[in-house]
Each structure stands twice: as structure tokens, then as C-alpha cells.
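# Need coordinates for the below:
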Amino acid sequence: MFQLADVYEQLGKFQLALPYRQEYLALLLRTEKPNLEMVADAYMYLGSNYELQKDYRTAYKFYLKELENNKADNYRNLKNVESRIMKFKKEHNLEWKYGR
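Take a look at the predicted model:
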């Protein structure tokens, strides 16, 4: 699923990739602990898909879920994730709603 979504995105077919991104996240949430790094990555890739479709508000929501997940998991590169999301927020004039 994950790799098929990658292929669709590489082909510029973002809408076709989206259901595979969503299904992959749903599968992880059913089978893994909710704050594993893989789950956070799935949120990030979903956000990225929405960003590619220029749906910045939805992308931002998924990026914040990624951040929440990484924070709950004491992710070692949390500052990098926060910086990337802050940059995204500024680029697209979105509000920061995560503890700031």
C-alpha cells in the first residue's frame, strides 16, 4: 500500500495515492501502538499528500497529528519535526495550534 501510494505520487496522481495513504494509516492504528514512529510517519505522508494537492489546512492537521504522535513517543528528532511544521505554517499562513 505504502509503495503504491509513493508510485502514484511520483506520477503526479495525488488523488489516487490518497486512499492508499489513508488505508495504510488505518492498518497501523489497528495493529500498532498509536504513538510508534511508523504511525507518525504515516501522518506525515498523509499531510504531504494533501500538501501536494495544495490542501494546506488538511495537510497541516496531519502534520500536527504527526507531531503529537512523535511527542507522545519521545521522538529523538522532535525539534526537527517542530521546525519543519513551523516553516510550513509560515509558508502557508496557517495558525500554530500546538501548545504555542
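
# And the helices in the protein, which stretches?
2-10, 14-31, 37-52, 56-72, 78-91 (DSSP state H).

# Take those and lay them out in a markdown table including mean neighbour count and mean pLDDT.
Any C-beta I mention is one placed from the backbone N, CA and C, and that applies to glycine too. Compiled in a markdown table, these are given as follows (neighbours: other Cβ atoms under 10 Å; pLDDT from 0 to 100):
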| stretch | mean neighbour count | mean pLDDT |
| --- | --- | --- |
| helix 2-10 | 15 | 95 |
| helix 14-31 | 16 | 95 |
| helix 37-52 | 20 | 96 |
| helix 56-72 | 19 | 95 |
| helix 78-91 | 14 | 95 |
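
# tell me the contacts of the residue nearest the centre of the chain?
The chain has Met44 as the residue nearest its centroid, 1.9 Å off, counting by Cα atoms, centre = their mean. Met44 is in contact with Phe62, Tyr63, Glu66, counting by Cβ atoms under 8 Å, 6 or more residues apart in numbering.

# likewise Leu78?
Leu67, Asn70, Lys71.

# How about the contacts made by the closest residue to Ala42 other than its chain neighbours?
Nearest residue to Ala42, sequence neighbours excluded (Cβ to Cβ, 6 or more residues apart in numbering): Leu25, at 4.2 Å. For Leu25, the contact set (Cβ under 8 Å, 6+ apart) comprises Val39, Ala42, Tyr43, Leu46.

# pretty sure the last one is touching Gln22, no?
Yes. In this structure Leu46 lies within contact range of Gln22 using Cβ atoms under 8 Å: 6.8 Å.
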